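*Asks:* what shape does this take:
(2 chains)
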Amino acid sequence: AQTVTQSQPEMSVQEAETVTLSCTYDTSESDYYLFWYKQPPSRQMILVIRQEAYKQQNATENRFSVNFQKAAKSFSLKISDSQLGDAAMYFCAYRSYNAGNMLTFGGGTRLMVKP
Amino acid sequence: DSGVTQTPKHLITATGQRVTLRCSPRSGDLSVYWYQQSLDQGLQFLIQYYNGEERAKGNILERFSAQQFPDLHSELNLSSLELGDSALYFCASSLSGGELFFGEGSRLTVL
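*Replies:* From the prediction side, this is the model:
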């Protein structure tokens, strides 16, 4: 079974600065997807960014980008120009290519943004 | 708005009781997933349905059951409730091969 680990329970960043959230995963599969979800105080799960394992290029969505290291099984999220609205829980998630879309989540990282 | 609708949003009940949580997936999505999120923890996969059939099962307790109806909405039934069942229950839906879209969750409090 796949496991996803987020080793940083909490992170803090100054507004307008850059922060990187870490995620590692364990799998024996070669094809899979990785995601970062944001959960603000409203508790809604919001997809931030996705990465297909077969793609070497790191995904980017505006101020959000990932550093995907397949050999190291690492998938970190970089948030640039942090904004107060970025404060939330962030979850890393893994989905097997063939497992019917079931997501396996990490334990989450709480990001605080200081004004 | 993800297009996934969950009801009720909040539910307070007593130990030993039974509740039903309802989920309407996005239009056209055939798969429905149920996840449980206990306080300040990650989401734990419970069960998945695809077009009315059970597709995958996670760490779902025997006291819990689910089904997906012909109109594709799904219900999660929780019985003999215990204090530890208090959590946020999420429903998500997807089209085959696509990303998951989550509802706003149903917050269950067992007293």
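
*Asks:* near chain A, which residues of chain B? Just list them.
*Replies:* Proximity of chain B to chain A is confined to B:2, B:31, B:33, B:40-45, B:48, B:50, B:55-56, B:58, B:88, B:90, B:92, B:94, B:96-102, B:104-105, B:107 under the rule C-beta under 8 Å from any C-beta of the partner chain. All C-beta spots, glycine's among them, are computed from the backbone N, C-alpha and C.

*Asks:* and the strands in chain B, which stretches?
*Replies:* Under the criterion DSSP state E, strands of chain B are mapped to B:5-7, B:10-13, B:19-24, B:31-37, B:43-50, B:53-57, B:64-68, B:74-78, B:87-94, B:101-102, B:106-110.

*Asks:* what ranges in the chain fall below the confidence cut-off?
*Replies:* Since you didn't name a chain, this refers to chain A. A:99-101 (pLDDT under 70).

*Asks:* ah, no, chain B please
*Replies:* Under the criterion of pLDDT under 70, the regions of chain B flagged as low confidence span B:40, B:96-98.

*Asks:* the residue of chain A found nearest chain B: neighbour count?
*Replies:* Among the residues of chain A, residue A:45 lies nearest to chain B; the distance is 3.8 Å by C-beta to the nearest C-beta. The number of residues packed around residue A:45, counting by other C-beta atoms under 10 Å in any protein chain shown, is 28.

*Asks:* so how far is residue B:100 from it?
*Replies:* As defined by C-beta to C-beta, to the nearest Å, residue A:45 lies at a distance of 8 Å from residue B:100.

*Asks:* which neighbours do the two share?
*Replies:* Counting by C-beta atoms under 8 Å, 6 or more residues apart in numbering or on different chains, the shared contacts of residue A:45 and residue B:100 are residue B:92.

*Asks:* adding distance to residue A:112 and mean neighbour count, write the strands of chain B out as JSON lines.
*Replies:* Output for those, formatted as JSON lines (distance: least, C-beta to C-beta, whole Å; neighbours: other C-beta atoms under 10 Å in any protein chain shown):
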{"stretch": "strand B:5-7", "distance to residue A:112": "28", "mean neighbour count": "17"}
{"stretch": "strand B:10-13", "distance to residue A:112": "26", "mean neighbour count": "14"}
{"stretch": "strand B:19-24", "distance to residue A:112": "31", "mean neighbour count": "19"}
{"stretch": "strand B:31-37", "distance to residue A:112": "20", "mean neighbour count": "25"}
{"stretch": "strand B:43-50", "distance to residue A:112": "21", "mean neighbour count": "22"}
{"stretch": "strand B:53-57", "distance to residue A:112": "35", "mean neighbour count": "13"}
{"stretch": "strand B:64-68", "distance to residue A:112": "34", "mean neighbour count": "19"}
{"stretch": "strand B:74-78", "distance to residue A:112": "33", "mean neighbour count": "20"}
{"stretch": "strand B:87-94", "distance to residue A:112": "21", "mean neighbour count": "25"}
{"stretch": "strand B:101-102", "distance to residue A:112": "23", "mean neighbour count": "22"}
{"stretch": "strand B:106-110", "distance to residue A:112": "23", "mean neighbour count": "18"}
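
*Asks:* now those strands in TSV, with distance to residue A:22?
*Replies:* Rendered in TSV, the data for these read as follows (distance: least, C-beta to C-beta, whole Å):
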stretch	distance to residue A:22
strand B:5-7	31
strand B:10-13	34
strand B:19-24	32
strand B:31-37	21
strand B:43-50	19
strand B:53-57	28
strand B:64-68	33
strand B:74-78	33
strand B:87-94	24
strand B:101-102	23
strand B:106-110	29
